[in-house]
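Q: sequence first, predicted model second:
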Amino acid sequence: MTRYEPVESPDSTTTFPYHDLTPPEPVDVYEAREVVRRYLPRTPLVKSEMLSAETGANVYLKREDTLPTGAFKVRGGVTLGHRLSEEFREAGLIAASTGNHGQSVAYAGREFDVPVTVAVPADPNPEKVAAMERFGAEVVAIGADYDEAREWAEGRAASEGLRYVHSANEPDLVAGVATAGLEVLETLPAVDRVVCPVGGGSGAAGYCLTVGAIGGADIVGVQSVAADATYRAYHEGHLDPVDSAMTEAEGISSRAPFALTVEVLRDRLDDMITVPEESIWEGVADLLTDERIVAEGASAAAIAAVRSMDDVAGENVVVPITGRNLSTEKLRNALSPA
Ligand SMILES: *Cc1c(COP(=O)(O)O)cnc(C)c1O
């Protein structure tokens with residue numbers, strides 16, 4: 001067994017020698033498509049009458065919440081798992097996650113018979129932890145927030161010879177999640193704009209490489225004002241972490257921007273905006289009340305962004321419903337705000 005030590009990283013996270021920071025190209029997404037279609041169903045693209053009437057645009061929801069883990073990230077997990085080098089199949093994978101990245105890696109571990117450890121922050125979303133354990137992963141609750149859990153996982157990877165699955169500096173994850181964009185193009189070639197929530201930026205990077213690069217649509221990224229590390233990295237051209245990421249939408253809560261995805265976003269994303277935290281939870285409530293969709297705060301951030309745009313009338317706009325793994329407590333709070 002080879003133990004790898006961390007190498008110099010252009011961002012504030014830890015990377016290992018096996019982390020290739022070269023962004024994937026559209027052709028890599030077509031290759032990933034062949035893998036993803038073998039393991040996962042295609043997700044529906046459904047027009048939202050509520051949002052279309054409200055904005056004057058044709059707003060389509062890409063229902064990534066219908067994937068077996070309830071979130072888009074599993075497209076990346078199966079792509080990485082499928083391509084995993086032989087040397088790691090026995091030792092296994094380790095990841096840090098607030099939930100959906102961990103579920104994606106856990107799902108891949110079960111599919112490809114590779115052991116998986118996931119580090120989550122103390123006080124994690126209990127439903128997400130249960131799901132990871134159901135997929136057979138060992139879940140370790142450690143650290144005050146995501147970034148502390150991440151540092152623990154990085155140390156463990158080095159000491160135990162595990163393959164550290166970074167949440168963004170992984171070309172296979174980005175190419176895998178980008179397959180959603182190819183599906184969108186096949187169903188609706190005339191997309192004008194995609195409005196996508198951004199945490200580490202793999203989802204938005206995927207739409208840039210497909211609906212943007214191939215389909216010519218504008219791709220707009222969205223963060224919460226309370227957690228804007230990637231927003232700053234995109235606009236200010238650096239990879240500095242922020243001091244805190246206070247959003248309750250854990251899918252888009254990261255203090256650190258990531259080198260690979262920020263490179264794609266700087267190159268191909270048309271704009272990045274922030275939305276107020278309250279508008280996210282209004283979005284969660286409205287999606288449930290009017291569309292009967294249970295969506296995470298992260299997805300609702302993109303809904304809030306579309307609602308704030310005054311120039312979308314007449315356009316074909318796609319919003320990915322990136323995940324449905326909202327804790328029952330957050331759902332309750334969104335329905336009856338204090
Ligand atoms: C991870 C996640 C996001 C953000 O995706 P990134 O690729 O990290 O930008 C958005 N929504 C949900 C539900 C997620 O799990």
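A: Looks like it came in fine.
Q: any idea how many residues pack against the spatially closest residue to Leu162 that is not a sequence neighbour?
A: Of all residues beyond its chain neighbours, the one nearest Leu162 is Ile94 (4.3 Å), with distances taken as C-beta to C-beta, 6 or more residues apart in numbering. For glycine as for every other residue, the C-beta is placed from the backbone atoms N, C-alpha and C. By other C-beta atoms under 10 Å, 25 other residues sit near Ile94.
Q: one more: Ala304?
A: Counted with other C-beta under 10 Å, Ala304 comes out at 27.
Q: where does it sit: helix, strand or coil?
A: Look at Ala304: counting by DSSP: H, G, I helix; E, B strand; the rest coil, its state is helix.
Q: who touches it in this structure?
A: 222, 275-276, 279-280, 282-283 (C-beta atoms under 8 Å, 6 or more residues apart in numbering).
Q: Ala141 too?
A: Contacts of Ala141 (C-beta under 8 Å, 6+ apart): 119-124, 129.
Q: one more: Pro24?
A: 32, 171, 174-175, 178, 209.
Q: so the residue nearest to Leu162 touches His166, yeah?
A: No: contact criterion C-beta atoms under 8 Å: Ile94 and His166 do not qualify, at 10.5 Å.
Q: show me just the buried residues among the contacts of Ala141.
A: Buried residues within those, counting neighbours by 16 or more other C-beta atoms under 10 Å: 119-121, 124, 129.
Q: export the residues you listed as TSV, with columns for distance to the ligand, secondary structure and pLDDT.
A: What follows is those, written out as TSV (distance: C-beta to the nearest ligand atom, whole Å; DSSP: H, G, I helix; E, B strand; the rest coil; pLDDT from 0 to 100):
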residue	distance to the ligand	secondary structure	pLDDT
Ala119	16	strand	96
Val120	13	strand	93
Pro121	14	coil	88
Pro124	13	coil	81
Val129	14	helix	91
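Q: closest to Thr2 out of those?
A: Nearest to Thr2 out of the buried ones among the contacts of Ala141 is Ala119 (C-beta to C-beta; 21.7 Å).
Q: separation between the closest one and Val177?
A: Separation of Ala119 from Val177 (C-beta to C-beta, to the nearest Å): 21 Å.
Q: counting neighbours, what do you get for the closest residue to Gly237 other than its chain neighbours?
A: Nearest non-adjacent residue to Gly237, counting by C-beta to C-beta, 6+ apart: Arg266, 6.9 Å away. The number of residues packed near Arg266 is 13, by other C-beta under 10 Å.
Q: same question, the one 3 residues further on
A: Residues contacting Leu269 under the criterion other C-beta under 10 Å number 24.
Q: interface residues of the stretch 1-150 of the chain facing the ligand?
A: Within the stretch 1-150 of the chain, the positions lying close to the ligand (C-beta under 6 Å from any ligand atom) are 71, 73, 100.
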